[in-house]
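In: got a predicted structure here, sequence first:
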Amino acid sequence: MRRTWIALLLLAPLCACSKSSDSDHKPPPPDVAANFSGPLDARGGDPAWGLTVRGTTLVLTRPNKANMTLMAGAPTIEPHEATWTAKTPDGQSITVTFYASACVDPAGAVTYPFSAEVDLPGEAPLNGCGGPPARR
């Protein structure tokens, strides 16, 4: 029995060094939640709108309407989405959600890493595409 243990102890380092196929050591998928940590922009059409998320500051722009700057709490992060909730000056809630789902902007045929949705009180949701701000 003692010889068996000694043999196993001597062979253990050799087993640890054995080569395996690349498929056995694929890196884990990236943590999707981390993708929501930086500044984000979103845009959509029909009706046209734009949104910037900078930390907890949300700025919604729409033609013929005043820009809406809101302070949100920290986002709720789930495996494939991030949601910010803010209050309008009259106390109603606005919810902004980015989904980890590729989105193609039909107007420019550009692919973005996220789909975005803005839920406004008393209005149809605004749907569009989003991601990190474009580099200038």
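Out: Right, received. Where do you want to start?
In: quick one, what contacts the residue nearest to residue 67 when sequence neighbours are not counted?
Out: Distance criterion Cβ to Cβ, 6 or more residues apart in numbering; nearest residue to residue 67, sequence neighbours excluded, is residue 61 at 5.1 Å. (Glycine included, C-beta is placed from N, CA and C.) The neighbourhood of residue 61, defined by Cβ atoms under 8 Å, 6 or more residues apart in numbering, consists of 49-51, 67-68.
In: can you give me the buried ones in stretch 65-81?
Out: Buried residues in stretch 65-81, defined by neighbour count with 16 or more other Cβ atoms under 10 Å: 68, 70, 72, 75, 77, 81.
In: hmm, residue 119 is touching residue 94, no?
Out: Yes. If you go by Cβ atoms under 8 Å, residue 119 and residue 94 touch, sitting 6.7 Å apart.
In: neighbour count for those two, which is higher?
Out: residue 94 (19 against 15; other Cβ atoms under 10 Å).
In: measure the more buried one to residue 59 for me?
Out: Relative to residue 59, residue 94 is positioned 12 Å away (Cβ to Cβ, to the nearest Å).
In: name the residues contacting each of those two.
Out: 68, 70.
In: was I right about residue 38 contacting residue 132?
Out: Yes. With contact defined as Cβ under 8 Å, residue 38 and residue 132 form a contacting pair (5.9 Å).
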